[in-house]
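Trainee: Sequence and predicted model, in that order:
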Amino acid sequence: KAGYSKKSGAHRQAFVAGRMWSHFPCWILQPGAIFGAHMRGSSQPIGIFDSGIGGLTVVRQVQQLMPAENIVYLGDTARVPYGTKGTETVNRFACEDAAFLHTQNVKAIVVACNSASASALPALNERFSQPTFGVIVPGAIAAVEATRNGRIGVIGTQATLRSRAYDRAILELGENIEVHGQACPLLVPLVEEGWVDHDVTAAVLREYLEPLLSRNIDTLVLGCTHYPLLKAAIAQVTGPDIALVDSAESCAQYIQRELDRLGLLASEGRGGMVLNVTDELERVTDLAERFLGQRPENVAQVELTSL
């Protein structure tokens, strides 16, 4: 594509370090949050939340990259999905989720929900001192690094696509990049039904992805934490020449870099996880095994405090 270029390394480093985030509504740390991070210890757990259980794909990647970390996970299964709700509602739910994690003495908060990451990070930064990370910016960084022709596709929920958060993050990192989005509301229920290899899922993927493929994209962002379970099925449709950006994987890699930078990486021992949900405890326990690759041992149902 004529005119396509990635911005300078210095520009990208400034963006990644957060020095350019003040005009960008999906960035992470305020100065107060950085100060608060230094008051915390590396042995404290990482808090991770999602509207449901899709964020367990982020947990799995964190466990693989940082096995010494303890994790407190919250899935707001009583109010899932966030992707069909308005911005104000999503922001309120995200603050209530983070407030619960704050009571668990976490050293950092990870918003493992693309819909909440797209809108709620500024509100979270105002309320909480912990460093707070979303999945949008890490995915955007990985997409810009991967693209060769400057045409990037993004699939996700209606709320994520409506926010255009990926567009803004990607365009901060590259000039004249084309970003083409496609909302895929049927994919989450198909994943939770366990139909990742089903003919119906393959047909739905072809329907969703054809408009993006017709745009000659060479990189596709899996902009929902459920979608890593569909990576093989998506690759069957896109073919080997299109790079797939796994938002869970890129988020975990980003968390590792940032915790290391803040001196908050756990260095010893074997970490564990507590899985908290707000409804459907038995069903979620069964589904969680699919996302984690093993059955969770410590599971609890909790009530959130309204804000």
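Mentor: Yep, it's here. The model shown is predicted, which means the values in this text are computed figures rather than measured ones.
Trainee: got the contact list for the lengthiest helix in the chain?
Mentor: Longest helix of the chain, by residue count under DSSP state H: helix 87-103. For helix 87-103, contacts defined as C-beta atoms under 8 Å, 6 or more residues apart in numbering pick out 47-49, 51, 72, 74, 76, 79, 82, 85, 109, 111, 113, 115-116, 119-120, 123-124, 127-128, 130, 132, 159, 163, 276, 302, 304-307. C-beta here means a position set from N, CA and C on the backbone, and glycine is covered the same way.
Trainee: what's the following helix or strand after it?
Mentor: Of the helices and strands lying after helix 87-103 in sequence (DSSP states H and E), the nearest is strand 108-111.
Trainee: List the buried residues in the longest helix of the chain.
Mentor: 90-101 (16 or more other C-beta atoms under 10 Å).
Trainee: Restricting the selection to alpha carbons, write it to CSV.
Mentor: What follows is helix 87-103, C-alpha atoms only, in CSV (Å, rounded to 0.1, in the frame of the first residue of the first chain):
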residue,chain,number,x,y,z
THR,A,87,-20.6,2.7,27.4
GLU,A,88,-21.8,4.1,30.8
THR,A,89,-23.0,0.7,31.9
VAL,A,90,-19.8,-1.0,30.9
ASN,A,91,-17.7,1.6,32.7
ARG,A,92,-19.8,1.2,35.9
PHE,A,93,-19.6,-2.6,35.8
ALA,A,94,-15.8,-2.4,35.2
CYS,A,95,-15.3,-0.1,38.2
GLU,A,96,-17.4,-2.5,40.4
ASP,A,97,-15.2,-5.5,39.1
ALA,A,98,-12.0,-3.6,39.9
ALA,A,99,-13.3,-2.6,43.3
PHE,A,100,-13.7,-6.3,44.2
LEU,A,101,-10.2,-7.0,43.1
HIS,A,102,-8.9,-4.0,45.1
THR,A,103,-10.3,-5.7,48.2
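Trainee: Quick one: mean pLDDT over that helix.
Mentor: The average pLDDT for helix 87-103 rounds to 95.
Trainee: And stretch 128-142, by the same measure?
Mentor: 95.
Trainee: before we move on, what about stretch 187-201?
Mentor: On average, stretch 187-201 scores 95.
Trainee: Could I get the buried residue list for stretch 209-219?
Mentor: Quick answer for stretch 209-219 (16+ other C-beta under 10 Å): 209, 212-213, 217-219.
Trainee: Could you identify the buried members of the contacts of helix 87-103?
Mentor: 47-49, 51, 72, 74, 76, 79, 82, 85, 109, 111, 113, 115-116, 119-120, 123-124, 128, 130, 132, 159, 163, 276, 302, 304.
Trainee: Can you verify my assumption that residue 301 contacts residue 278?
Mentor: Yes: counting by C-beta atoms under 8 Å, residue 278 is a contact partner of residue 301 at 6.9 Å.
Trainee: quick one: which of these two has more around it?
Mentor: Taking neighbours as other C-beta atoms under 10 Å, residue 301 and residue 278 compare with residue 278 leading, 22 against 14.
Trainee: Who are the contact partners of the more buried one?
Mentor: Listed by C-beta under 8 Å, 6+ apart, the contact partners of residue 278 are 74-79, 301-304.
Trainee: Name the next helix or strand downstream of the one helix or strand in the chain whose mean pLDDT sits lowest, please.
Mentor: One helix or strand of the chain scores below all others by mean pLDDT, DSSP states H and E: helix 31-37, with a mean of 41. As assigned by DSSP H and E, the chain's next helix or strand after helix 31-37 is strand 46-50.
Trainee: Quickly run through the sheet partners of that next one, with directions.
Mentor: strand 71-75 (parallel), strand 108-111 (parallel) (DSSP bridges).
Trainee: So which residues make contact with the first one?
Mentor: Surrounding strand 71-75, the residues in contact under the criterion C-beta under 8 Å, 6+ apart are 45-53, 55-56, 59, 62-63, 97, 100-101, 104, 106, 271-278, 284, 302.
Trainee: show me where pLDDT drops low in the protein?
Mentor: Applying pLDDT under 70 to the chain flags residues 1-40.
Trainee: ok so, going back, next, format the buried residues of stretch 209-219 as CSV and append distance to residue 264.
Mentor: Shown next, in CSV, are the buried residues of stretch 209-219 (distance: C-beta to C-beta, whole Å):
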residue, distance to residue 264
209, 38
212, 38
213, 41
217, 36
218, 36
219, 31
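Trainee: Just those residues: which are in strands?
Mentor: residue 219 (DSSP state E).
Trainee: of all the buried residues of stretch 209-219, which comes closest to residue 193?
Mentor: Of all the buried residues of stretch 209-219, residue 209 has the smallest distance to residue 193: 19.6 Å, by C-beta to C-beta.
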